[in-house]
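Asks: Sequence first, predicted coordinates after that:
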There are 2 protein chains.
Amino acid sequence: MNRQALSREKVAGLLRQHGITPTHQRIEIAHALFERGEHLSADRILALVNARHAETSKATVYNTLKLFLKKKLIRELIIDPAKVVYDPNTAAHHHFYDVVTGKLTDVPADDIRVSGLPPLPKGTVAEGVDIIIRTRPQS
Amino acid sequence: MNRQALSREKVAGLLRQHGITPTHQRIEIAHALFERGEHLSADRILALVNARHAETSKATVYNTLKLFLKKKLIRELIIDPAKVVYDPNTAAHHHFYDVVTGKLTDVPADDIRVSGLPPLPKGTVAEGVDIIIRTRPQS
DNA sequence: GGGCTGAATTAGACGAAGTCCAGGGTTTGT
DNA sequence: ACAAACCCTGGACTTCGTCTAATTCAGCCC
């Protein structure tokens, strides 16, 4: 029952810890993301929070996701040209991406080492490294 | 003054080598990409080929880019959420991406080694690995 | 509790990227 | 030359995401 153990009170606390005023809509959106722990697109989140009860507008979903992003509560994954997805897992990790099915799988970053990187362009500082291993179903 | 190092005849040959019928429009599109060697978006290519002369439709630009992609003449880069860009450099390489300015810089893959990757999800085979180093201007 | 104020939310119009389609042109093989 | 196959086109359409002006809410002060 651990999965359903995520209460809305805890979500509200999480938001406060990150300096986010916990409104109803924000709590529902955060809950949808963190309860599942899955990669979700904006329109999927919109459908999920509205399926449950009440109404949350498209604008609020987008506003809220951007806010969460700025507060580093979630990550944004730009992998599928048609849709940005949001990742509630902010621990260092990378992704397998099946180019045929669209399925995304987390790859823990623990053991991954990248060597031989050239110096950064001058005047810039590193922000992060994303590694995407594209796969396809075995034929 | 033939300052164009890349003639349209050579482009046509390149297309033929890849099994692509070299039409007028395809030659212009390929020329735009390979003469510059830059990362270009579809709408930038549309503007470039039409600035030169004649008319090439948006549909043709998109069709042609997909065709080039399938024939592995170019690569598709999904990095900026707002716009897919096409990369005429098909040699193994990765990218620096400045999240503030949007500037993309090639990183030769020569010396890069990635270790510690877990096994692929079963039933899948690797298609390629993309590494994106996100940077921001030094403040 | 009642009221205040700035922050949050809303509906819906809008914008941009990309897709689709039916009609017409162009190539190619014979 | 003829047909078949392939290619291109304008423009309507879809989808994702943004913007705006008006309304509602959160939370603090009394």
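Replies: The structure has been received and is ready for your questions.

Asks: check contacts around the residue nearest the centre of chain A.
Replies: Compute the mean C-alpha point of chain A, and by CA atoms, centre = their mean the closest residue is residue A:87, 1.6 Å away. Residues counted as contacts of residue A:87 (CB atoms under 8 Å, 6 or more residues apart in numbering or on different chains) are A:39, A:74, A:75, A:76, A:77. All C-beta atoms are positioned from the backbone trio N, CA, C, and that covers glycine.

Asks: where does residue A:100 land on pLDDT?
Replies: pLDDT, residue A:100: 88.

Asks: Check residue A:3 too.
Replies: With respect to pLDDT, residue A:3 has a value of 56.

Asks: Going through the contacts of residue A:87, which ones are buried?
Replies: Among the contacts of residue A:87, those buried by neighbour count (16 or more other CB atoms under 10 Å in any protein chain shown) are A:39, A:74, A:75, A:77.

Asks: can you tell if the host helix or strand of residue A:68 touches chain B?
Replies: Taking DSSP states H and E as the criterion, the element that holds residue A:68 is helix A:58-70. No - Helix A:58-70 lies apart from chain B when judged by CB under 8 Å from any CB of the partner chain; the minimum separation is 11.3 Å.

Asks: anything in whatever helix or strand comes next after that helix near DNA strand D?
Replies: For helix A:58-70, the following helix or strand on the C-terminal side (DSSP H and E) is strand A:75-80. No - in terms of CB under 7 Å from any atom of the strand, no part of strand A:75-80 sits within range of DNA strand D; the closest distance is 8.5 Å.

Asks: contact partners of strand A:75-80?
Replies: Contacts of strand A:75-80 (CB under 8 Å, 6+ apart): A:39, A:65, A:69, A:84-87, A:89-90, A:95, A:97, A:102, A:104, A:132, B:78-81.

Asks: Let's see that with 6 Å instead.
Replies: When contacts are defined by CB atoms under 6 Å, 6 or more residues apart in numbering or on different chains, strand A:75-80 is touched by residues A:69, A:84, A:85, A:87, A:90, A:97, B:78, B:81.

Asks: between it and helix A:58-70, how big is the angle?
Replies: 110 degrees (axes from the mean of the first three to the mean of the last three CA atoms, to 10 degrees).

Asks: Buried ones in the helix or strand just after strand A:75-80, by neighbour count?
Replies: Using DSSP H and E, the helix or strand that follows strand A:75-80 in sequence is strand A:83-87. Under the neighbour-count criterion of 16+ other CB under 10 Å, strand A:83-87 has A:84, A:85, A:86, A:87 buried.

Asks: ok, which pair from those is furthest apart?
Replies: Taking CB to CB, the two most distant members of those are A:84 and A:87; they sit 10.4 Å apart.
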